[in-house]
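Trainee: make a model of this:
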Amino acid sequence: MPIKIPKLLPAREILESEHIFVMDEDRAIRQDIRPLNILILNLMPEKEKTETQLLRLLGNSPLQVNVTFLKTSTYTSKNTSKYHLNQFYCAFSEVEDRRFDGMIITGAPIEHLPFEKVAYWNELTKIMSWSKENVTSTLHICWGAQAALYYHYGVDKYELAQKCTGVFPHTIRHRKDKLLRGFDDVFFAPHSRYTDVSIEEILTNPALQLLVSSDEAGALIIRSKDARHIMITGHLEYDTGTLEDEYNRDREKGLETIPFPKYYFPNDNPNEMPINSWRSHAHLLFSNWLNYFVYQATPYEWN
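Mentor: Here you go, the predicted model:
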């Protein structure tokens, strides 16, 4: 089934070239079906790339998905045009009277800051508080996952000695969890972050369950036991070349201490093209989330 997006959204052309089923508003209103309404708070600097990555995964589902993009009002992105933000994004004040079946809060390159020092932290906590009553299930990614763990469950982040970057093997800890149906016992996932969260704190928190972890990269997928919040510390949504782009960007900035992405380039040779070893599990994760934690859990009529 399709994902419904604005007719002029730049991601549309890319998705259609990949044979992702998309439709615009005119066709969607003729579909006699209860679509899922998903709100995406996109905090990443290059918003158009993140839009395409997330829409690609949301579109590979038998469910019709309506997407609304949300921006912060207390901070304006420096890497995305005002025209794009004004045309395709809304402010929280425009949606706070609505209810959504699902929500995605992305990562943001601000890990070096304490949460309370982030320019839009108060706005974000207001949105996360609102989500408790107005969203069935929220998917939090990377910094967004750390922010959720801190705000909802009191689990703070800590700084790593060096950046965790690469595509690491991960092990399933709860084979029967619905979110992991169809997953291999061991699978790969990208990480790109300077901070981490304590596995011990997660395991001892009565409201949380650690589903997937890595000996090298730590916790990957954490779920609240009431299924309202799913935290992913890595970036399963990343494109094949995203880690390469980040590595080259950091090197160009003169950050000589940036480690080489582990298990990413064939033979650890940056002149060879990276191989995507996580794509199928990314699609499976989003499909399971939409089906079991959003579609199956949301009433047909919200009120």
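
Trainee: could you give the number of residues near Glu111?
Mentor: 17 (other Cβ atoms under 10 Å). No exception for glycine: its C-beta is placed from N, CA and C like everyone else's.

Trainee: for the remainder of this discussion, apply numbering that starts at 318.
Mentor: Sure thing, new numbering starts at 318, so read that last one as Glu428.

Trainee: so it, which of the three states?
Mentor: coil (DSSP: H, G, I helix; E, B strand; the rest coil).

Trainee: which residues touch it?
Mentor: Shown in contact with Glu428 (Cβ atoms under 8 Å, 6 or more residues apart in numbering): 460, 463, 474, 476, 510-512.

Trainee: what of Thr389?
Mentor: 358, 360, 409, 437, 440-441.

Trainee: from these, list the buried ones, please.
Mentor: 358, 360, 409, 437, 440-441 (16 or more other Cβ atoms under 10 Å).

Trainee: want to try TSV for those residues, with distance to Gly558, secondary structure and pLDDT as columns?
Mentor: Output for the buried ones among the contacts of Thr389, formatted as TSV (distance: Cβ to Cβ, whole Å; DSSP: H, G, I helix; E, B strand; the rest coil; pLDDT from 0 to 100):
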residue	distance to Gly558	secondary structure	pLDDT
Leu358	25	strand	98
Leu360	21	coil	96
Phe409	33	helix	97
Tyr437	29	coil	96
Glu440	32	helix	97
Leu441	29	helix	98
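
Trainee: need the max-distance pair from those residues.
Mentor: Leu360 and Phe409 (12.8 Å; Cβ to Cβ).

Trainee: just give me the residue right at the centre of the chain.
Mentor: The C-alpha lying nearest the average C-alpha coordinate of the chain belongs to Ile458 (Cα atoms, centre = their mean; 3.7 Å).

Trainee: nearest to Val484, of the buried ones among the contacts of Thr389?
Mentor: Leu360 (22.8 Å).
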